[in-house]
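Participant: The following block contains a protein sequence and its predicted model.
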Amino acid sequence: MKFRARLEKGRLVYQRELVQAYLSRFKEGDVFKCDITRPQKIGSDPLRKYYFASCLPIFMKEIGYEPHEKNMFHEQLKMLYFDPQPDKHGFRRVPSLFRKKAKKPTKEQYEFVEWVKRLAAQQDIYLPDPNE
């Protein structure tokens with residue numbers, strides 16, 4: 001069960017009746033795992049559009065990639081940025097950034113795009129800002 005709660009004067013305030021109704025179907029003594037996390041803003045369609053429509057095509061063109069290689073180039077950039085370590089099977093798993101189910105906060109997406117812009121600048125490639 002997932003439910004929202006808020007902190008007021010050091011106490012967690014939530015709909016106790018709703019939680020109690022849910023718990024009533026279990027037997028006495030059952031153990032539950034509870035996680036408390038703060039909701040984060042997820043997803044950023046404008047940032048995604050800016051990255052895939054402006055940043056990547058310009059960067060790729062300037063260093064000699066073809067437009068159909070966009071996904072491969074994006075994966076290479078993520079490999080450089082995240083530097084994933086191999087798992088027990090030897091695979092390097094790179095996190096997804098811009099998919100709806102990626103669950104990456106907008107702040108991390110923004111930091112990645114800024115890193116790509118700095119990387120391009122090191123190659124003397126100018127990537128315009130979103131509002132240019």
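Facilitator: Looks like it came in fine. Residues are numbered from 1 along each chain as shown.

Participant: Ala21 belongs to a helix, doesn't it?
Facilitator: Yes - Ala21 forms part of a helix when assessed by DSSP: H, G, I helix; E, B strand; the rest coil.

Participant: For Asp129, see how far away it is.
Facilitator: 51 Å (C-beta to C-beta, to the nearest Å). For every residue, glycine as well, the C-beta is placed using N, CA and C.

Participant: These two - which one has more neighbours?
Facilitator: Ala21 (11 against 8; other C-beta atoms under 10 Å).

Participant: Strands of the chain, residue ranges please.
Facilitator: Taking DSSP state E as the criterion, the chain carries its strands at 6-8, 11-13.

Participant: What mean pLDDT does the last one get?
Facilitator: Meaning strand 11-13. Average pLDDT, strand 11-13: 90.

Participant: Stretch 123-132 now?
Facilitator: On average, stretch 123-132 scores 90.

Participant: Give me the contact list for that stretch.
Facilitator: The contact list for stretch 123-132, computed with C-beta atoms under 8 Å, 6 or more residues apart in numbering, reads 46-47, 50, 54-55, 58-59, 62-63, 116-117, 120-121.

Participant: same deal with stretch 13-29?
Facilitator: Contacts for stretch 13-29 (C-beta under 8 Å, 6+ apart): 1, 3-7.

Participant: So for it, first residue to last residue, what's the gap.
Facilitator: Stretch 13-29 stretches 24 Å from its first residue to its last (C-alpha to C-alpha, to the nearest Å).

Participant: Many thanks, we can stop here.
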